[in-house]
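S.K.: A predicted structure for the sequence below; I have some questions about it.
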Amino acid sequence: MKTVLITGVSKGIGEALRLKFTKEGFDVLGTVYTGVGKINTETGTESCDGVPKAKIFELDLSSPESIERCANEIIETGTKIDILINNAGALFDEDDTSVIVDKLRKTLEVNLVGPIDFTERLISQINSGGQIINISSSAGSLEKAGRVESHYPYHYPSYKISKAGLNMYTCTLAQRLKKSDIIVSSVHPGWVRTDLGGPEADITAEEAALGIYSVVVSDKETGGFWFGKERMPW
Ligand SMILES: NC(=O)c1ccc[n+]([C@@H]2O[C@H](COP(=O)([O-])OP(=O)(O)OC[C@H]3O[C@@H](n4cnc5c(N)ncnc54)[C@H](OP(=O)(O)O)[C@@H]3O)[C@@H](O)[C@H]2O)c1
């Protein structure tokens with residue numbers, strides 16, 4: 001059985017990914033942050049009857065201590081990982097049209113530095129032939145910057161900067177891990193109806209999870225930026 005580790009499985013796209021991968025027969029490890037109460041972390045599994053089980057760990061990506069503790073807990077289980085999906089993320093400056101430096105720091109911790117720290121601590125646990133998927137956004141595309149109607153040219157700059165940075169991590173890590181035969185990808189999930197995407201968005205979290213799953217199971221080269229089977233411009 002293959003093992004997938006997904007961050008941010010309490011709600012939104014992460015929750016839909018957790019359910020999709022469990023349904024597809026994967027062993028699922030997940031992390032939660034404030035959504036701890038929703039999933040029974042004492043037993044390490046979900047509490048609702050009839051819902052597929054996942055092993056749950058607590059993780060706050062803005063805290064180096066939490067990242068270290070969570071990564072060590074996962075390593076201590078001795079479980080090898082086939083797929084790591086860095087899904088958890090936050091949008092703190094949705095209504096801003098210029099950079100608010102405090103929000104930029106917070107955004108970079110959660111969306112960029114945290115996922116990098118978490119990934120680097122777990123790379124040794126990822127099987128050869130495995131994958132690292134960074135959930136990015138078309139908002140982080142430099143080529144699309146200022147050209148996409150849905151991403152107004154100077155709105156939510158900190159979020160955009162964080163996703164552009166995450167894309168560069170995908171590129172550099174992909175080159176570094178070529179010899180280990182680990183595929184590293186950035187994936188845009190679409191504009192998704194979640195707390196982050198809002199109620200006007202195009203697709204459901206379940207549809208987004210299907211698109212991300214299709215990237216995971218497709219033949220692809222490392223270091224790509226994908227939206228389903230389509231390439232996204234960097
Ligand atoms: N929705 C969209 O339209 C859209 C578009 C492009 C990209 N994305 C990306 O897709 C990913 C998932 O977004 P979503 O729409 O599903 O958002 P969401 O519904 O708001 O869920 C965000 C997830 O991230 C977790 N999280 C937030 N802050 C965290 C922290 N400090 N440490 C650890 N986990 C934290 C949350 O955990 P708790 O609930 O436990 O607090 C939650 O599970 C994000 O990376 C986002 O940038 C979304």
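M.R.: Alright, I've got the coordinates. None of these values were measured; they are calculated from a predicted model.

S.K.: Scan the protein for its longest helix.
M.R.: When every helix of the chain is counted residue by residue (DSSP state H), the longest turns out to be helix 157-176.

S.K.: Mind giving me the packing neighbours of the longest strand along the chain?
M.R.: Longest strand in the chain by number of residues, with DSSP state E as the criterion: strand 126-135. For strand 126-135, the elements it packs on are strand 81-86, helix 157-176, strand 183-187, helix 205-217, judged by 3 or more CB pairs under 8 Å, 6 or more residues apart in numbering; DSSP states H and E. Every residue, glycine included, has its C-beta placed from N, CA and C.

S.K.: mind giving me CSV with the ones you listed and columns for distance to the ligand, mean neighbour count and mean pLDDT?
M.R.: Below are the helices and strands packed on strand 126-135 laid out as CSV (distance: least, CB to the nearest ligand atom, whole Å; neighbours: other CB atoms under 10 Å; pLDDT from 0 to 100):
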stretch, distance to the ligand, mean neighbour count, mean pLDDT
strand 81-86, 8, 24, 98
helix 157-176, 7, 20, 98
strand 183-187, 9, 25, 98
helix 205-217, 6, 20, 97
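
S.K.: Determine which of these approaches residue 229 most closely.
M.R.: Checking these against residue 229 by CB to CB gives helix 205-217 as the closest, at 6.3 Å.

S.K.: what's in contact with the closest one?
M.R.: Contacts made with helix 205-217 from outside it, assessed by CB atoms under 8 Å, 6 or more residues apart in numbering, are listed as 12-13, 15-17, 19-21, 24, 83, 85, 131, 133, 135, 185, 187, 189-190, 192-194, 226-229.
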